[in-house]
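Undergrad: predicted model follows, preceded by the sequence.
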Amino acid sequence: MRVAPKDIQSFRDDFTYSNSAEAIERFPFPFAEDEYRYSVNMEPHLPKGGEGSAYEKFLDIDEHYLSEMAEREMVLNEMPHRCLAMAHMDLACWDMVERVMVSLSEDYPDYFSLTREGDRWSWENKLLNIKDQFTFGDSSSLPMPPLDYIGRQVQGDFALLDQREGDLFLDAGIITCPADWSLAFDAGMSFKEWHGPVPMAHSEGIFDRALKYLIAIPVGKPVRRLNWTLTVNARMDTSPEKYHEWGHERTSVTPENVGEKVYLRVEVQVLDRMPRSNAMMFSIRTYLLSLEDLVTNKEWAVRMHRAMKTLPEPLINYKGLTRFHGTVVDYLSQFDPLN
Amino acid sequence: MRITDQISVSVTAIKQVAPMIKEFTLEPVDGLLTPFSPGAHIVVEMGSSGSSADKQSYRNAYSLMSNPMYSRQYRIAVRLQDDSRGGSVYMHQQVEVGTQLKISPPANLFAPEWMAKKHVLFAGGVGITPFLSYLPELQQRKAEFELHYMFRSRQTGAYSAELRDTLGTGCSCYDADLGNRCDIAAVMSGQPLGTHFYICGPESLIDAVRTTADAMGIPASAIHWEAFAGAKPGQPFVVELSQSGLELAVAANSSLLETLESADIKIPNLCRAGVCGQCVCDVAEGEIEHRDSYLSDSEKQSGQVMMPCVSRAAGERLVLDI
Amino acid sequence: MQTEQSNGVVSKPVYQPVELNPKSSFHLFIAEQNVTPAMQSLYDHCLKDKKVTVSSDASDPELLKSLACFPLVGTLYLAGTEPFIWRVASYARQAGLRPDQMLMMTPVTRERHLFCCHCYQITEGVTYSPFICAGCGLSLEVTDHFARLHSAYFGYQANAEDRANLPERREVS
């Protein structure tokens, strides 16, 4: 691994989170055009960008690994319901255990190792000092439920979607760094229901087409898309559950602090068919980059300005940017020669 | 296996399991096969090992019928089709033990509804295959089910003896060549609340079950089916590709998708039966005869998109925007 | 937070006029407390041998009992408040009814149940926004995002960004 895990930094209180120059370089910048356009923008989840890229491996482990795992533990200790799996999702949870363990051990052999002899599996996570033997498929052989167990060892939120009735249902997940949606409330919802609050897309039939496409994804052909928003402070847990604690930060942005206080939050979302359960694994890997780090890349600075400037009003409101969107555009305009 | 386009397998056993049906055991050339879920299918690519253009290649979708948890091999069964456009003849006549084939990873458009209180399975002929992968899981989950298996023993009827032995009263066989018919209405009436019905077989069987359900007032969402028939022949026509100017003749017994593939034009696809939606193409000109069950009525009426795996030109000419 | 959109939140149920399902050979009518005129009219148009009980003001165990012997070819008609309709629908799903076997009549009141995303408590009788959470006491913005499992709408603190600035009270429909 080219980006070695750093010591633990915080995503709350004193916010010591920072990106190294290498982490900035590999940041998955989401805007491919100068004008913002909503699209489903799905592509095959194939490696791209070469060595060290955020897309090099199936699951990206980076310098923030220890910090994110420590943050997840804090969230789950306080609110265990942020991880849940309905009874019929057990097989899907084991599918995910396999997918994650096989990927991590093949892609990062220095940190993770997996030995399989039939159903007898041995797993070692050297980064978190975890070493366990268990029987694959037998939830009682793990120290905690399978989704909880594996979710605490891999960066990103994970949802497991049950496929039935020609639809996808949000029936399991470990969601500790959501961009403003609640697993506890959305659990059990169909694909369109849990996207209910997303503006604009429904009338354009985007979700009908996306759903048909997702339902037909076969084993071994994962797809990805990017999503983004802006977050004030390097806060991973921007959940509705905690909104009453972090909401006021949206009023704290000033022309003086906008560069260091506002972060571009990018989610690399991957949809991957689980072989045994036919469920869909939906992983949401979150990256945070402060605007002042972002503008060190001149091309990104220009793109970012133009994308923010052309962002439609309903999306500004939906993403919760209303209070500081103008300040962000003003700040970015200084980096755009056309301005 | 995480990202896979095609898997190389070799045929390790061939068994005649009914007068018109052969069973093929496929093992990976290297590594293990992925586990799969009950009802999954693969697309088998045949005769494409050579690169020469004159060598005809075929792609057909077949249900996996082995135990889903057993990943050392897959098994499929192939019925020699009367109006075969090539694939089944190739499987029956060209493929031998040791032949290498390319297969797609499994996809599933026909999974059991695990929330069901009871499962009633209707199989017609070689349509028994997806249910063979249902059975181990239904039994393991101790789910309530009954299998109704219709066939003509002079052609099909594979595994009927074994199924009767292992399932006992859970399996009813109807051999039309012995004059036995399934009274579909009798099977469907009196089923308990929460029953789901699954059909795999010829269109006539699917229609019969759906019509019966509708007449009885059984909710449409409790009926699930998989048509194993792929593309059907039609009138020949010419297709023009607007971006390259290329013109291709689509023969009466070839599908548009097959014609495009034989000209090395790659179109994503999974089911090759008008269900999965992967191969959708933009149409610039020409009347379309829609034969798929994927596009919505309004999409069909728009005349701007079509599914080349099963649908054809309604006239003599079609222009695709590719 | 999830804000109200002019083009509508898709998870909010839409209730169409309900007609008798002519294919069904069994009709079960369940109303909360009083049978509505619309339901009475459906009931009256139903053939005598095909229709069954109107269970008014039934307790949950009684409801479950009436669903347990429901036939595969039946149709269920529901009337009452929205939380009641969806609670019974959820029992019916567990009993094995399909969504296309349940016909829901427009709720008799616009009262909502409100799910607080901060304390997970449900507040009843919500007709306007913001509304005080019965669990944690925060003023909650009432959204149109509806969860069938909770029979409730999503609520979040209305003045979390600026405590001094509570949105003006508006009625919810």
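TA: In hand now; what should we look at?

Undergrad: report pLDDT for residue 164.
TA: Looking at chain A here, since you left the chain open. For residue A:164, the pLDDT comes out at 91.

Undergrad: not quite, go with chain C.
TA: 92.

Undergrad: could you measure from it over to residue A:245?
TA: From residue C:164 across to residue A:245, the span is 17 Å (C-beta to C-beta, to the nearest Å). Every C-beta, even on glycine, is put in place using the N, C-alpha and C of the backbone.

Undergrad: over to residue C:63?
TA: 40 Å.

Undergrad: quick one, which of these two is more surrounded?
TA: For residue C:63 versus residue A:245, neighbours defined as other C-beta atoms under 10 Å in any protein chain shown are more numerous around residue C:63 (18 against 15).

Undergrad: element containing the more buried one, please.
TA: helix C:60-68 (DSSP states H and E).

Undergrad: can I get that helix in CSV, CA atoms only?
TA: Output of helix C:60-68 as CSV, limited to C-alpha atoms (Å, rounded to 0.1, in the frame of the first residue of the first chain):
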residue,chain,number,x,y,z
ASP,C,60,-54.7,-5.6,17.3
PRO,C,61,-55.1,-9.3,18.3
GLU,C,62,-58.6,-9.3,16.7
LEU,C,63,-57.2,-7.8,13.5
LEU,C,64,-54.5,-10.4,13.4
LYS,C,65,-57.1,-13.1,13.8
SER,C,66,-59.2,-11.8,11.0
LEU,C,67,-56.2,-11.7,8.7
ALA,C,68,-55.0,-15.2,9.6
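
Undergrad: for that helix, packing partners?
TA: Judged by 3 or more C-beta pairs under 8 Å, 6 or more residues apart in numbering or on different chains; DSSP states H and E, helix C:60-68 is in contact with strand C:26-31, strand C:51-56, helix C:82-95.

Undergrad: mind running it again at 6 Å?
TA: helix C:82-95 (3 or more C-beta pairs under 6 Å, 6 or more residues apart in numbering or on different chains; DSSP states H and E).

Undergrad: C-alpha coordinates for the helix it packs on, PDB please?
TA: Below are the C-alpha coordinates for helix C:82-95, written out as PDB (Å, rounded to 0.1, in the frame of the first residue of the first chain):
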ATOM      1  CA  GLU C  82     -53.100   7.000   8.000                       C
ATOM      2  CA  PRO C  83     -51.100   5.400  10.900                       C
ATOM      3  CA  PHE C  84     -53.900   2.900  11.400                       C
ATOM      4  CA  ILE C  85     -54.100   2.000   7.800                       C
ATOM      5  CA  TRP C  86     -50.400   1.400   7.500                       C
ATOM      6  CA  ARG C  87     -50.200  -0.500  10.800                       C
ATOM      7  CA  VAL C  88     -52.900  -2.900   9.600                       C
ATOM      8  CA  ALA C  89     -51.200  -3.100   6.200                       C
ATOM      9  CA  SER C  90     -48.000  -4.100   7.900                       C
ATOM     10  CA  TYR C  91     -49.800  -6.900   9.800                       C
ATOM     11  CA  ALA C  92     -51.400  -8.000   6.600                       C
ATOM     12  CA  ARG C  93     -48.000  -8.200   4.900                       C
ATOM     13  CA  GLN C  94     -46.700 -10.400   7.700                       C
ATOM     14  CA  ALA C  95     -49.800 -12.600   7.200                       C
END
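
Undergrad: what does it contact?
TA: Surrounding helix C:82-95, the residues in contact under the criterion C-beta atoms under 6 Å, 6 or more residues apart in numbering or on different chains are C:30, C:32, C:63-64, C:67, C:76, C:78, C:102, C:104, C:107, C:113, C:148, C:151.

Undergrad: check which residues of it are buried.
TA: If you call a residue buried by 16 or more other C-beta atoms under 10 Å in any protein chain shown, then helix C:82-95 has these buried ones: C:82, C:83, C:84, C:85, C:86, C:87, C:88, C:89, C:91, C:92, C:93, C:95.

Undergrad: quick one: that helix to chain centroid distance?
TA: The chain centre lies 8 Å from the centre of helix C:82-95; the measure is C-alpha atoms, centre = their mean, to the nearest Å.

Undergrad: now stretch C:71-87
TA: Here stretch C:71-87 is found 9 Å from its chain centre; the criterion is C-alpha atoms, centre = their mean.

Undergrad: quick one: average confidence on that stretch?
TA: Per-residue scores along stretch C:71-87 average to 92.

Undergrad: could you tell me the end-to-end distance of it?
TA: 20 Å (C-alpha to C-alpha, to the nearest Å).
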